[in-house]
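# one predicted model, sequence on top.
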Amino acid sequence: MHVPLILFDGICNFCNRSVNFIIDHDPHKRFRFVPLQSELGQSLLRRFGLPQGDVDTMILVDDGRAYARSSAALRVAWRLGGWWRFFTLLFAIPPLLRDGAYNVLASNRYRWFGKTETCRVPTADVRDRFVG
């Protein structure tokens with residue numbers, strides 16, 4: 001069975017809130033989550049030729065491809081289904097503009113939302129959704 005993976009910054013408070021949001025709006029448990037700081041996260045970055053280290057974007061690995069920045073976020077919205085798919089209308093905006101807005105958030109995420117010293121430790125009810 002194919003399961004989309006979301007690679008996220010495990011020490012970023014905004015990123016952790018985003019993961020919580022996806023979990024809360026994904027009753028069919030379509031997604032699994034991998035901290036970028038984990039061995040598996042770094043391995044997946046290498047596999048898809050993406051920069052390692054301090055990655056400032058969520059990565060969606062889906063159907064053998066890796067998507068980053070706004071494309072990843074909008075594909076997640078599509079996969080969540082329901083009226084979250086409305087946000088995929090933003091695909092009509094050129095990626096340069098979409099990613100520009102995404103980059104502003106990504107480059108300020110620690111300043112605006114803070115960060116934690118350690119990656120998120122999942123609770124028992126969602127532990128099976130985290131890999132790596």
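Sure, I can see it. Numbers count the residues shown, from 1 in each chain.

# mind listing what the most centrally placed residue in the chain touches?
The centroid of the chain falls nearest to residue 58 when counting by C-alpha atoms, centre = their mean (3.5 Å). By C-beta atoms under 8 Å, 6 or more residues apart in numbering, the contact list for residue 58 reads 6, 7, 8, 9, 15, 18, 68, 69, 72, 73, 76. C-beta here means a position set from N, CA and C on the backbone, and glycine is covered the same way.

# which ones among the residues you listed lie within strands?
Residues of the contacts of residue 58 located in strands (DSSP state E): 6, 7, 8, 68.

# which member of those is positioned nearest residue 32?
Distance to residue 32, by C-beta to C-beta, is smallest for residue 6 among the ones in strands among the contacts of residue 58, at 7.3 Å.

# ok, now how distant is the residue nearest to the centre of the chain from residue 73?
6 Å (C-beta to C-beta, to the nearest Å).

# repeat for residue 112
From residue 112 to residue 73 the distance is 17 Å (C-beta to C-beta).

# what's the answer for residue 88, then?
When C-beta to C-beta is the yardstick, residue 88 and residue 73 sit 10 Å from each other.

# now do residue 16
15 Å.

# which non-adjacent residue is nearest residue 106?
In space, residue 106 comes closest to residue 56 once its chain neighbours are excluded; the distance is 4.3 Å by C-beta to C-beta, 6 or more residues apart in numbering.

# OK, contacts around the one you found?
With contact set as C-beta under 8 Å, 6+ apart, residue 56 has these partners: 9, 103, 106, 107, 109.

# list the buried ones in stretch 80-95?
80, 84 (16 or more other C-beta atoms under 10 Å).

# next, the distance between the ends of it.
21 Å (C-alpha to C-alpha, to the nearest Å).

# other residues contacting that stretch?
Stretch 80-95 has contacts (C-beta under 8 Å, 6+ apart) with 22, 25, 26, 30, 69, 70, 71, 74, 77, 78, 98.
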